[in-house]
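> Would you be able to build a 3D model of this:
(one chain, ligands or ions: 1)
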Amino acid sequence: PEVALKSGNARPMPAVGMGTAVFPVVHEDTKNAVLAAIEVGYRHFDTAALYRTEEPLGDAVAEAVRRGLLRSRDEVFVTSKLWCSQCHPELVLPSLRETLQNLKMEYVDLYLIHWPVRMKPGPLAFPNKKENALPFDFEGVWRAMEECHRLGLARAIGVSNFTTRHLDKLLAVATVPPAVNQVELNPVWQQRTLRDYCAARGVHVAAWSPLGGQNWGGKGNAVLESPVLAEIAQARGKTVAQVSLRWIYEQGVTSIVKSHNKERLRQNLEIFDWELTEEDRVKISQIPQKKLVQFEILFLPDGEFTSVDPAEMNIQ
Ligand code: A2P
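So this is what the prediction gives:
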């Protein structure tokens, strides 16, 4: 299954994509994982300048074309992202050109602003010094994103980690509205308010960490260890990961899911020929909500980024 985006001219976005933000990056591991994913049927890949996985992803796609697994690069939907230190009007186009060079591609299907955070120009690293933070220039950066689209280098443009407050500011100045907002979203952090807001404005929502992430901070994984999801999984004869991904799909949200394991990659695509019951959906809607990934380092008091939109807690 695929989703037609409401702005831009990208091909429809496959409803499950493979994430490539795995640290540390080992070029061959990422390349092999992407090749395995292509073999089991993935046609949607997500990367970012920050992740340093653009090159192995591009190498894998080129290799897949050489091996005849894909007819051409046009068969895959590829997303990349503009990093915080590149969020300056004059740096947007050069940053996308660098991304395309890394990918060895002529266009990306989707180019996203990675965070509503602007840092002084500098390394592709997490912002860790307050003095490097600058006010976010919604209009200037979005004009440059629109130029990338106009030039055909980004078939669609969008954002990531934007709250409703950020989207208000962006939509007020956008000529080409953002096609996508990619945010942390899973049964433990359902983002209902944000989803309603995006649905009303034609912004498609994509989910990062749809399975609860990679045990950030050693606190375990609240999605994969959820007793509610485990009970549903057992009743349906599915895995907890599949229940989570199926629930996200039924919400009309695209999952960007990470795995370097071919069996788990395959399993994560097997969510389209069965469904949750109404009772399952009610149980999932009652899971206590908690933001799992806390990027404290980005929580700059004067910046545009706020950790949790209080409205997100009112999900019932
Ligand atoms: P692995 O590469 O060992 O499969 P995210 O929620 O950010 O996408 O993180 C997914 C994490 O869960 C990854 O660390 C991945 O590790 C693991 N994972 C992916 N698919 C499954 C699955 N089907 N069952 C259990 N764990 C999974």
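
> Hmm, V223 is touching V243, no?
No. Contact status for V223 versus V243: not in contact, 9.5 Å apart, counting by CB atoms under 8 Å. The way it works is simple: take the backbone N, C-alpha and C, and place the C-beta from them, glycine included.

> any idea of the pLDDT on the residue lying closest to L96 once chain neighbours are set aside?
If the residues on either side of it in the chain are set aside, L96 comes closest to C148, at 5.1 Å by CB to CB, 6 or more residues apart in numbering. C148 carries a pLDDT value of 98.

> Tell me which helix or strand C148 sits in.
helix 138-150 (DSSP states H and E).

> which other residues reach that helix?
8, 82, 87-90, 92-93, 96, 111, 113, 118, 154-157, 166, 169-170, 172-176 (CB atoms under 8 Å, 6 or more residues apart in numbering).

> So if I had to pick from V223 and V243, which one is more boxed in?
Between V223 and V243, counted using other CB atoms under 10 Å, the more crowded position is V243 (26 against 22).

> related to what we said a few turns ago, write the PyMOL selection for whichever of the contacts of helix 138-150 are buried.
To isolate the buried members of those in PyMOL, using 16 or more other CB atoms under 10 Å:
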select buried, resi 8+82+87+88+92+93+96+111+113+118+154+155+156+157+166+169+170+174+176
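
> chain center to the helix or strand bottoming out on mean pLDDT in the chain, what's the gap?
Ranking every helix and strand in the chain by mean pLDDT, DSSP states H and E puts strand 133-134 at the bottom, with a mean of 81. The chain centroid and the centroid of strand 133-134 are separated by 24 Å, computed with CA atoms, centre = their mean, to the nearest Å.

> Partner strands of it and their direction?
Its sheet considered, strand 133-134 pairs with strand 118-119 (antiparallel) by DSSP bridges.

> residue contacts, whichever residue of the stretch 51-200 of the chain sits closest to the ligand?
Closest to the ligand within the stretch 51-200 of the chain is N186: 6.9 Å, counting by CB to the nearest ligand atom. Listed by CB under 8 Å, 6+ apart, the contact partners of N186 are A207, S209, P210, L211, G212, V223, S244, I248, L292.

> export those residues to CSV and tack on pLDDT, distance to the ligand and secondary structure?
Converted to CSV, the contacts of N186 look like this (pLDDT from 0 to 100; distance: CB to the nearest ligand atom, whole Å; DSSP: H, G, I helix; E, B strand; the rest coil):
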residue, pLDDT, distance to the ligand, secondary structure
A207, 98, 9, strand
S209, 94, 4, coil
P210, 97, 5, coil
L211, 96, 3, coil
G212, 91, 5, coil
V223, 95, 7, coil
S244, 98, 8, helix
I248, 98, 11, helix
L292, 80, 9, coil
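
> Could you identify the most distant pair in those?
Among the contacts of N186, the pair separated by the greatest distance (CB to CB) is I248 and L292, at 14.3 Å.

> So for those two, which sits in the more crowded spot?
Neighbours were counted for I248 and for L292 using other CB under 10 Å; I248 has more, 25 against 19.
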